[in-house]
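>>> everything below, folded, please.
(2 chains)
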Amino acid sequence: MTCRTVVPYLVDLARGVAIDPDRHADVDRHLRECSRCAARLEDERAMSSALQRLAQSTEEPAPDPASERAALAAFDAAWAQPRSHVRAGRWLPLAAAAVLALAATLTWTIAQRSKLATPPAPLRATEFVPWPGASSLPTFESGQLMRMELPASMALSLGLMPPASQSGVVTADVLVGQDGFARAVRLAP
Amino acid sequence: MAGSEHPSDDELIARVATGDREAFAALYRRRRPDVYRFALHISGSPVVADDVTQDVFMAVIQDAQRYQPGRSGVVPWLLGIARNHVRRSVERERPAVSLPDDGSDQARTIAVETDPLAALARQQHVAALRRALLALPVKYREAVVLCDLHELTYADAAGALGCAIGTVRSRLHRGRALLAGRLRESDDAVFRNRAPRWIL
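Below you'll find the model as predicted:
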């Protein structure tokens, strides 16, 4: 082996990561003959020791009852509300249809909104709002709530006002009918 | 960090997904330190680490049912969530705040040495290493923190970072090389008359 082919193994050796036994013998042989690579291995071992010391010196967070209470309160609140359980296998075709409908109607929505001089005020989060174009669809018989992430800008275009804490992506519940077309949407509670 | 506890992390996550409050509390107490320390190492800010830790467990409440046991361990999964939150937080808000340094109470308790000069040198080396780590580009910092500070396997680190194992290895190698270079520079500045190398 050459220095160039040995170097990739030095970090593994220094970190105690097992390497291919066949290669190990070749690497050992090279290290016995090459003082430069042997010195580099020692440097890598020193680096590993230094990083271990750094890890040990980092303080553990003290128990924080207030944070734990807050987390448990959030857990209670989340489970106090009805949750939608999506079975991927059963609803996958509907999900695909919903995504297609989302893309198509988004284009329609943006076009409609751009015609309005004063856009209507966004509705309060967690209220369902009709999906654009849903009124022209066949009668809604049954459906399923599907939770998905949407760009905040898309939520606004649908008439939903994301909370300030959700600046990039928002979680929304889309009510998808038995035919796979979206009927309504709300921000997820 | 291996999951030898009972019940296992996987069992706890499965129970959390069904609304088991006690399982959530147990997982929170068990894994909060891991998430906090990871966020602290990446951000350098205890405030960010606190915020990110809470954010991660909020995500667990929402997404526990999405966890796939065979794919990666719970800790890599949690750290992968934390990684995304840290990145967002650091990019959005504040610059990293230095961790406690040489003269702090924490630093004083780290090394119990009979040789005060050696103890001081070690504390200063740890502080220099911490600064050098925080100065690394974040992709290299993540690899070093996951593999060397949290001792994740390459496969688990790859799961947390959402990249290939080979990518983790190359980032780790590059990150360590950058760290070594910075530490040699700090040797020149801090230990010019006393220590020839940064080795601890």
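>>> pull the longest helix from chain B.
Looking across chain B with DSSP state H, the single longest helix is helix B:165-190.
>>> packing partners for that helix?
helix A:3-15, helix A:35-57, helix B:116-135, helix B:138-144, helix B:154-161 (3 or more CB pairs under 8 Å, 6 or more residues apart in numbering or on different chains; DSSP states H and E). The way it works is simple: take the backbone N, C-alpha and C, and place the C-beta from them, glycine included.
>>> neighbours around the residue in chain A that chain B sits nearest to, how many?
With CB to the nearest CB as the measure, A:Ala46 is the residue of chain A nearest to chain B, at 3.8 Å. By other CB atoms under 10 Å in any protein chain shown, 17 other residues sit near A:Ala46.
>>> residue ranges with poor pLDDT in chain A?
Within chain A, the stretches with pLDDT under 70 are A:81-126, A:135-142, A:153, A:157, A:164-167, A:178-180.
>>> out of the helices and strands packed on helix B:165-190, which is closest to B:Leu172?
Closest to B:Leu172 of those, according to CB to CB: helix B:138-144, at 4.3 Å.
>>> so which bits of that closest one are buried?
Within helix B:138-144, the residues scored as buried using 16 or more other CB atoms under 10 Å in any protein chain shown are B:138, B:140-144.
>>> likewise stretch B:41-53?
Of the residues in stretch B:41-53, B:41-46, B:48-53 count as buried by neighbour count, 16+ other CB under 10 Å.
>>> need these in TSV (columns: distance to B:Ala14, pLDDT and secondary structure).
Output for the buried residues of stretch B:41-53, formatted as TSV (distance: CB to CB, whole Å; pLDDT from 0 to 100; DSSP: H, G, I helix; E, B strand; the rest coil):
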residue	distance to B:Ala14	pLDDT	secondary structure
B:His41	29	95	helix
B:Ile42	28	95	helix
B:Ser43	30	93	helix
B:Gly44	35	91	coil
B:Ser45	33	90	coil
B:Pro46	32	91	helix
B:Val48	30	91	helix
B:Ala49	27	93	helix
B:Asp50	27	92	helix
B:Asp51	27	91	helix
B:Val52	24	93	helix
B:Thr53	22	94	helix
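>>> give me the subset of these that also touch chain A.
B:41, B:49-50, B:53 (CB under 8 Å from any CB of the partner chain).
>>> closest to A:Gly168 out of those?
The closest of those, once distances to A:Gly168 are taken by CB to CB, is B:Thr53, at 20.0 Å.
>>> next, the contact list for the closest one, please.
If a contact means CB atoms under 8 Å, 6 or more residues apart in numbering or on different chains, then B:Thr53 has A:61, A:67, B:32, B:35-36, B:39, B:82 as its contacts.
>>> who wins on neighbours among those?
B:Ala39 (29 neighbours).
>>> convert the C-alpha atoms of whichever strand or helix holds it to CSV, please.
Element membership of B:Ala39 [criterion: DSSP states H and E] is helix B:21-43. C-alpha atoms of helix B:21-43 as CSV (Å, rounded to 0.1, in the frame of the first residue of the first chain):
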residue,chain,number,x,y,z
ARG,B,21,-48.0,9.8,28.4
GLU,B,22,-45.7,7.9,30.7
ALA,B,23,-43.7,6.6,27.8
PHE,B,24,-43.3,10.2,26.5
ALA,B,25,-42.2,11.3,29.9
ALA,B,26,-39.7,8.5,30.1
LEU,B,27,-38.3,9.1,26.7
TYR,B,28,-38.0,12.9,27.5
ARG,B,29,-36.0,12.2,30.6
ARG,B,30,-33.8,9.6,29.0
ARG,B,31,-33.0,11.4,25.8
ARG,B,32,-33.2,15.1,26.6
PRO,B,33,-29.5,15.2,27.6
ASP,B,34,-28.5,13.7,24.3
VAL,B,35,-30.5,16.1,22.3
TYR,B,36,-29.4,19.1,24.4
ARG,B,37,-25.7,18.2,24.2
PHE,B,38,-25.9,17.7,20.4
ALA,B,39,-27.6,21.1,20.0
LEU,B,40,-25.1,22.7,22.3
HIS,B,41,-22.1,21.3,20.4
ILE,B,42,-23.5,22.4,17.1
SER,B,43,-24.8,25.9,18.1
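>>> now do that helix against helix A:35-57, angle only.
With axes from the mean of the first three to the mean of the last three CA atoms, to 10 degrees as the basis, helix B:21-43 and helix A:35-57 are set at 130 degrees to each other.
>>> OK, contacts around the residue most central in space within chain B?
Central residue of chain B (CA atoms, centre = their mean): B:Phe38, 2.7 Å from the mean position. With contact set as CB under 8 Å, 6+ apart, B:Phe38 has these partners: B:79, B:82-83, B:86, B:145-146, B:150.
>>> nearest to chain A, of the residues you listed?
Closest approach to chain A among the contacts of B:Phe38 (CB to the nearest CB): B:His150, at 7.6 Å.
>>> quick one: the closest one and B:Pro76 touch, right?
No. Using CB atoms under 8 Å as the test, B:His150 is too far from B:Pro76 to be in contact (9.1 Å).
>>> which one's more surrounded, those two?
Legend: neighbour count by other CB under 10 Å for B:His150 and B:Pro76, higher for B:Pro76 (23 against 20).
>>> just confirm that one is within a helix.
Yes. The assignment for B:Pro76 (DSSP: H, G, I helix; E, B strand; the rest coil) places it in a helix.
>>> distance of the residue nearest to B:Asp34 when sequence neighbours are not counted from chain A?
Leaving aside its chain neighbours, B:Asp34 sits nearest to B:Val75 (5.8 Å; criterion: CB to CB, 6 or more residues apart in numbering or on different chains). Applying CB to the nearest CB, to the nearest Å, the value for B:Val75 to chain A is 14 Å.
>>> which members of the buried residues of helix B:138-144 additionally contact chain A?
Answer for the buried residues of helix B:138-144 near chain A (CB under 8 Å from any CB): B:Val144.
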